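> missing the sequence, but the structure's below:
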Ligand code: 5AD
């Protein structure tokens, strides 16, 4: 069966739905490890052994949405809300670039307190003054806003579809923004963004078939960056009593996705690291090729509780661990992080 997968991949440079589902369903440890190895080899041959480090700044935990799984949903009155001032966001980004990061991700809840004008100016300043790639992860804004951000210098967007099964999507997103989100994703691709999406593994009622459909959806919609993490049960949310997603299944999803969408940028996610730190690094040998490190100052980060016990992914620690594993980090990152000061 493994040979069939390999032959199919070589011929088609992708996998079809049945083959993705077969990988997601694997129970046999030996066969599973073999598939991880195949995904790993495909990644390392096509994309090299360099693990890209991107820096995320969580600049606001205000959110107007009510997603059932998420700790910063508007109804959660237990968390301390913060907004980082624009000038401070720029300084944090500058710090990240000086430490060798080549992509700065601006992430927040859906917070209209930052106007399109303000964000556009911030993106322009970060992109042009720091000469870095800017990625935005701020949820649903107007098409017009995304067009302006693109012109200002943002080249990437993250907007997770979360789950392509409409019934489940609507059961956990009370504003029922399914169509809007998918239309917006297509629009982002049309605007020329390197567009990222992704799904949560282990949502209530989700089947392996649903996950296979998530992967097919991303393939068909030209998604180039794929963030998939396990569901993490979070207190004071409607899903607080629901069980966490499986780390093993997450790895299988990574391997299947690498073979279905071979050139994707695919982080080993913080959510996976939160469930099991070792798995986040193991994921780098199952098809993942990115880690997002956290640049948010601790006093803010402690309140960015999109899920419980969210770990801090530290740039220096992560870079060392990757090198210890025998993998590489980008030369620019290596130079700025370890060599420049020496
Ligand atoms: N478990 C896992 N992932 C979550 N996210 C939010 N809450 C949770 C949770 N409880 C993910 C969603 C969202 C991103 C910011 O974090 O995929 O898009």
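Alright, I've got the coordinates. Quantities reported herein were computed from a predicted structural model and do not represent experimental measurements.
> any weak-confidence spans in the chain?
341-342 (pLDDT under 70).
> center of it, which residue is that?
Centroid-nearest residue in the chain: residue 227, 3.2 Å away (criterion: C-alpha atoms, centre = their mean).
> Wait, that residue touches residue 269, no?
Yes - counting by C-beta atoms under 8 Å, residue 227 does reach residue 269; the two are 5.8 Å apart. In short, each C-beta sits where N, CA and C put it, glycine included.
> what residues are up against residue 134?
When contacts are counted by C-beta atoms under 8 Å, 6 or more residues apart in numbering, residue 134 touches 103, 104, 106, 123, 126, 127, 153, 154, 155, 156.
> That one in helix, strand or coil?
Classification of residue 134 using DSSP: H, G, I helix; E, B strand; the rest coil returns strand.
> How about the residues of the stretch 201-342 of the chain by the ligand?
Applying C-beta under 6 Å from any ligand atom, one finds that the stretch 201-342 of the chain approaches the ligand through 229, 231, 232, 234, 271, 306, 307.
> how many neighbours does the second one have?
So the one you mean is residue 231. 23 (other C-beta atoms under 10 Å).
> hang on, residue 335 packs against residue 100?
Yes - using C-beta under 8 Å, residue 335 is in contact with residue 100, at 6.6 Å.
> Can you list the buried residues in the top helix by length along the chain?
If you go by DSSP state H, the chain has its longest helix at helix 29-47. Within helix 29-47, the residues that count as buried by 16 or more other C-beta atoms under 10 Å are 32, 34, 35, 36, 38, 39, 40, 42, 43, 44, 47.
> of residue 335 and residue 100, who's got more company?
Per other C-beta under 10 Å, whichever of residue 335 and residue 100 has more neighbours is residue 100, with 22 against 12.
> sec struct for the more buried one, please.
Judged by three-state DSSP, the three-state class of residue 100 is coil.
> what's near enough to touch it?
53, 330, 332, 333, 334, 335, 336, 337.
> please redo it, this time with the cut-off set to 7 Å
By C-beta atoms under 7 Å, 6 or more residues apart in numbering, the contact set of residue 100 is 332, 333, 335, 336, 337.
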